[in-house]
Structures are given as C-alpha cells and as structure tokens.
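Q: Here's a sequence, model it:
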Amino acid sequence: ANIPINYMQKFINDINLHFDTFSYHAVTRYTNLTNEVIEEKKSYISENHKDKLAVLGQISSSFVHEFRNPLTAIMGFNKLLKRENPDLKYLDIIDYELNQLNFRITQFLHTSKSDFNEEQREEISVLKLIEEIQELTYANIVDASVNVEIDIYPNFVMTASKDGLKQVFLNLFINSIDALKDKEHPRILRINSLIEANERIIRISNNGPAIASELIESIFEPFVTTKELGTGIGLYVCKKIIESNDGYMNCVSNENLTTFSIHFPKVQNELQRV
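A: Next up is the predicted model:
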C-alpha cells in the first residue's frame, strides 16, 4: 500500500524523539557510572596515600629518635674540629654530608607531620638565602659542572619560616643538579625573582630533561618521583612548607626548561623595596 509521506513523518518524528530520549538517558547513566568508578578509584588512591603516610609517620618517629641524637652530637664535634683545626682537610666535606643526612631525616619528619606551621616567621633576604644554599651545594655544583645564574633583586624579601624556606630551596637546588647530570653542556641552573601585582615570586629553573606531562599534575604528591631511587617526599614536603607560610608552588616543564615557582602574597601596604 502506498502510505503518504506526510502521514509517515509523524511516526518517524516520534521514533526519532524516543530514540534521542533513550540515547540521552543511556549516555547520562553511562557517564554517571563512569564517574562513580573514577571517584572510587580516586578515593582508593587517597586512602592508600593516607595509609602509606600513617605507616611512614610511625617509621619516621622511630627513625628520628634513633638517628637524630647521635647525628647532632657528630655535627657538634665536627664543628669543634673545624674551629680548632681550620686547615684540616675534608672537614668541610664531612660537614656537608652530615647536613645532607640531617636534611633527609628532617624530610621524613616533616612528612609525618600534620602541621607544618610551627616555626616563627621572619623577614628573609632571598638573595642571601640563595647564596647560602649555593655555598652548601657547591660540591654538587662543581661535580656536575653546572652554571648557576642568579638574578634576584638585592632587597627582595619574603616573610616565612627561614628554616622551612631554606629546606625548600635546598631541595629544589639538589633536584635541579641531579636532573642536569645526564644532560649535555651547557647545564644551567637559573634562579630569578619577580614581582607581580599581588605576589612575590621566586623561580628555580634548569635546562635538564622535561618532566613527563602525565607527572606534572601529581609531581607534588607524596611518593611520586622522577628519580630511579627517589623517595617521592621531597617536593611534597616543599609544597606543604610553602602552603603553611600562605604561599603556593607550581611546576612547568618542557624540552627547554623545567621551572618550579614559589609564590608568596605581598603584604597589604607593604613598603616597596625593590
């Protein structure tokens, strides 16, 4: 039988409407189920991190008590030896290695803390602190043949915990030097300061290998590392220290440069010194 097209169009429109409605609900349901799976995985990962941190916290407490006291004694006696025998070889190397060991112990201690905001804040000359870090890492810099470029305003200051900020800079220096070891020359570690409308910014950059894009978003999470034998807690501790001082950190990386930026807010009505 010949059915007029105008008569059939009504049924076709109804079928299309029902199919579109079905497709919408099917896609919506699928999306919701997928989101539930993703949220479950995120929750599992989060809980897994918490469990690891809890275990690490217990280990850290025992670790610190067992090693901190004898380490402090050794560091003290080494300083006495340096004072009494200023020309004695290798004491500077021993002092450096002891400080590195103390730094690693402190990292584990910080990882087990829930509160990083314990130390008193003070006004810090960033240039002086960076020069101090450069001196501390001098042996590493020379060994890896790294060119250090410092471009910081002489009166650039940040208000923060000095020991905390020192630990952050030291960690970023060491990470950068490690990243440059397998790179062809020139090997560049660059530190510069920047003032924007509401922020004081320090950027620590190196021209080593790029950090994979899939790692950038999680680079500050605990136990995430680009090093073969890394612990994955250094950048996590750095981020927590900076956040406890009302700042934040981020990372940008490409084949030319990897940059870690530390951002602190400018104090309202702050005297402009730079």
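Q: pLDDT below threshold where in the stretch 101-250 of the chain?
A: Of all residues in the stretch 101-250 of the chain, those with pLDDT under 70 make up the ranges 104, 106-119, 222-232.
Q: helix, strand or coil for Cys238?
A: helix (DSSP: H, G, I helix; E, B strand; the rest coil).
Q: give me the number of residues near it?
A: 25 (other C-beta atoms under 10 Å). No exception for glycine: its C-beta is placed from N, CA and C like everyone else's.
Q: Leaving out the residues flanking it, which one is nearest to it?
A: The shortest distance from Cys238 to any non-neighbouring residue, by C-beta to C-beta, 6 or more residues apart in numbering, is to Val168 (4.5 Å).
Q: for that neighbour, what are its contacts?
A: Counting by C-beta atoms under 8 Å, 6 or more residues apart in numbering, Val168 touches 238, 241-242, 262.
Q: helix, strand or coil for it?
A: Under three-state DSSP, Val168 falls in the helix class.
Q: how far away is it from Ile241?
A: As judged by C-beta to C-beta, to the nearest Å, Val168 and Ile241 stand 6 Å apart.
Q: try Ile105
A: In terms of C-beta to C-beta, Ile105 sits 16 Å off from Ile241.
Q: Domains in this structure, by residue range?
A: 6-111, 121-265 (automatic domain parsing).
Q: most packed of the ones you listed?
A: Counting by mean count of other C-beta atoms under 10 Å, domain 121-265 has the highest mean neighbour count of those, with a mean of 17.
Q: can you give me the strands for the stretch 151-274 of the chain?
A: Here the stretch 151-274 of the chain has its strands, by DSSP state E, counting those that start in this stretch, at 157-161, 188-195, 199-206, 248-253, 258-265.
Q: what about the helices in the stretch 101-250 of the chain?
A: For the stretch 101-250 of the chain, applying DSSP state H, counting those that start in this stretch gives helices covering 126-136, 138-143, 162-180, 213-216, 234-244.
Q: In JSON lines: those helices, plus distance to Arg200.
A: Listed next are those as JSON lines, based on distance: least, C-beta to C-beta, whole Å:
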{"stretch": "helix 126-136", "distance to Arg200": "8"}
{"stretch": "helix 138-143", "distance to Arg200": "25"}
{"stretch": "helix 162-180", "distance to Arg200": "12"}
{"stretch": "helix 213-216", "distance to Arg200": "23"}
{"stretch": "helix 234-244", "distance to Arg200": "12"}
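Q: Nearest to Phe156 among the ones you listed would be which one?
A: Ranking the helices of the stretch 101-250 of the chain by proximity to Phe156 (C-beta to C-beta) places helix 126-136 first, at 4.9 Å.
Q: what's the distance between Thr72 and Lys79?
A: Distance from Thr72 to Lys79, by C-beta to C-beta: 11 Å.
Q: What would stretch 168-185 look like as PDB? C-alpha coordinates only.
A: The C-alpha trace of stretch 168-185 is given here as PDB (Å, rounded to 0.1, in the frame of the first residue of the first chain):
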ATOM      1  CA  VAL A 168      62.600  24.200  50.100                       C
ATOM      2  CA  PHE A 169      65.400  26.000  48.200                       C
ATOM      3  CA  LEU A 170      68.000  23.300  49.100                       C
ATOM      4  CA  ASN A 171      65.700  20.500  47.900                       C
ATOM      5  CA  LEU A 172      65.000  22.400  44.600                       C
ATOM      6  CA  PHE A 173      68.700  23.000  44.100                       C
ATOM      7  CA  ILE A 174      69.600  19.400  44.700                       C
ATOM      8  CA  ASN A 175      66.800  18.100  42.400                       C
ATOM      9  CA  SER A 176      67.900  20.500  39.600                       C
ATOM     10  CA  ILE A 177      71.500  19.500  39.900                       C
ATOM     11  CA  ASP A 178      70.500  15.800  39.800                       C
ATOM     12  CA  ALA A 179      68.400  16.400  36.700                       C
ATOM     13  CA  LEU A 180      71.300  18.100  34.900                       C
ATOM     14  CA  LYS A 181      73.900  15.300  35.500                       C
ATOM     15  CA  ASP A 182      72.900  13.400  32.400                       C
ATOM     16  CA  LYS A 183      72.500  16.400  30.100                       C
ATOM     17  CA  GLU A 184      74.900  17.700  27.500                       C
ATOM     18  CA  HIS A 185      76.600  21.000  28.300                       C
END
